[in-house]
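# coords please:
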Amino acid sequence: MERKHYIDNLRWICILLLIPYHIAMAYNSWGEGNYIVLGSDKVISSFIVAVSPWFMTLLFLLAGISARLSLAKRSKKQFILERVLKLLVPFIIGTLFIAPLLSYMADKTNCGYEGNYFSHFTVFFTKWTDISGYDGGFTIAHLWFLLYLFVIGLIGCLFDLLFGKHIAKWNLDNTPVWAAILLVLLAFAAFPLKVGGKSILTFLLLYLFGFYVFEKENVIERLSKLKWIFLGVWLVLTALNVWLFIWTDESLTVLSTILNLLAGAFGLLTMISAGYIFLNKSNAMTRFISSVSFPVYIVHFVWVVAFEYWFSRVTQNTAFIFLLSTFCSLAATLITSAAIKYCPVVNLAFGYKFKKKQK
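Numbering: from 1, shown residues only. Below is the predicted model:
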């Protein structure tokens, strides 16, 4: 089976996008907590609002497509074991060693904690508040994605076991474009229904739609013909969403929510349809970044907060801190992730497979 490179490329693009996104969160203008808070900036906040509706949801759609391709080559038992090693183990390791670092830095910057990192372990495992970690308490931080993806993968296997044979009888290869668009809109309509502050129902639906519908080549080909229409609609919706949420003082919560959900849906449709046309290729750079995307996801936030903390002690220039933190965090994250990939034993904790030495 020929590898669908656009899936790998869209995945690493979304993951790298987390670096400027999480750096920008230190400047959000609506008062949301963060591991480090450096003020309020409407321009940077506009960037957050422009990308946040679609890039994490796209990862779940891509995960569903990838799961279908994976199960074409292995049994459900093998797939679940792979999910344990690739998602659950890194989640546990990250919760024990990565999340405490973020919680410690949050306690230091937000609450004035004066102890060292090691003494803060006691605080981390005994202080249970809102589970965000912004006050130095326990958190799973950004690692929620690994946990949700693992749970959704299990649910997806169970769903396919119960209903897969019935769904296979449907001719989903001929799914019309309007139906595919409607499925995405349906998933985003469930976004306000949250568990642990995250829209797990939307993530589950997108995973299942990716598994059964969007993995079909015919469906993606038909969607790709509308890529410029999707792009135009997304840009208009995003501009309205940013203007209403960031740049006006109007309190139109319902309208703002609708615009945000529609922007997310059409942003996702734009990326998947354009990605199929323009990103379905591979080279040494894309293969490398794709191969380290999981450790990039796990470790990037530590570098983000560290560089923002260091640079904020040197200057209060927002543009300088944002741009330099982005560049340095990207470089440090890629170097760290490459080191993890090629470090025996350690790489197993970050989802890599054990490779036997060839004789």
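# does the nearest residue to residue 150 once chain neighbours are set aside count as helix, strand or coil?
In space, and not counting its chain neighbours, residue 150 is closest to residue 87: 4.1 Å by Cβ to Cβ, 6 or more residues apart in numbering. Every C-beta, even on glycine, is put in place using the N, C-alpha and C of the backbone. Here residue 87 is helix, with the state taken from DSSP: H, G, I helix; E, B strand; the rest coil.
# Verify the stated contact: residue 227 with residue 277.
Yes - at 6.4 Å, residue 227 counts as touching residue 277 under the criterion of Cβ atoms under 8 Å.
# Give me the below-cutoff pLDDT ranges for the chain.
For the chain, the stretches with pLDDT under 70 are 1, 355-359.
# So which residue is smack in the middle of it?
residue 56 (3.8 Å; Cα atoms, centre = their mean).
# contacting residues around that one?
Counting by Cβ atoms under 8 Å, 6 or more residues apart in numbering, residue 56 makes contact with 14, 145.
# so where does it fall, helix or strand?
Counting by DSSP states H and E, the element that carries residue 56 is helix 55-71.
# Could you identify the helix or strand that succeeds that helix?
By DSSP H and E, the next helix or strand past helix 55-71 is helix 76-83.
# and that next one, what other elements does it pack with?
In terms of contacts (3 or more Cβ pairs under 8 Å, 6 or more residues apart in numbering; DSSP states H and E), helix 76-83 is packed against helix 55-71, helix 144-168.
# to the chain's geometric centre, what's the distance from the last one?
Using Cα atoms, centre = their mean, to the nearest Å, we find the averaged C-alpha position of helix 144-168 to lie 19 Å away from the chain's own average C-alpha position.
# can you list contacts of that helix?
Outside helix 144-168, the residues touching it (Cβ under 8 Å, 6+ apart) are 56, 59-60, 63-64, 67, 71, 76, 79-80, 83-84, 87-88, 90-91, 94, 140, 196, 198, 200, 203-204, 207-208, 211-212, 297-298.
# Looking at residue 227 and residue 277, which has the bigger crowd around it?
Set side by side, residue 227 and residue 277 show more neighbours around residue 227, with 19 against 13, by other Cβ atoms under 10 Å.
# count of residues packed around the nearest residue in space to the more buried one that is not next to it in sequence?
Spatial nearest neighbour of residue 227, chain neighbours left out: residue 273 (4.2 Å); criterion: Cβ to Cβ, 6+ apart. The local packing of residue 273 (other Cβ under 10 Å) involves 24 other residues.
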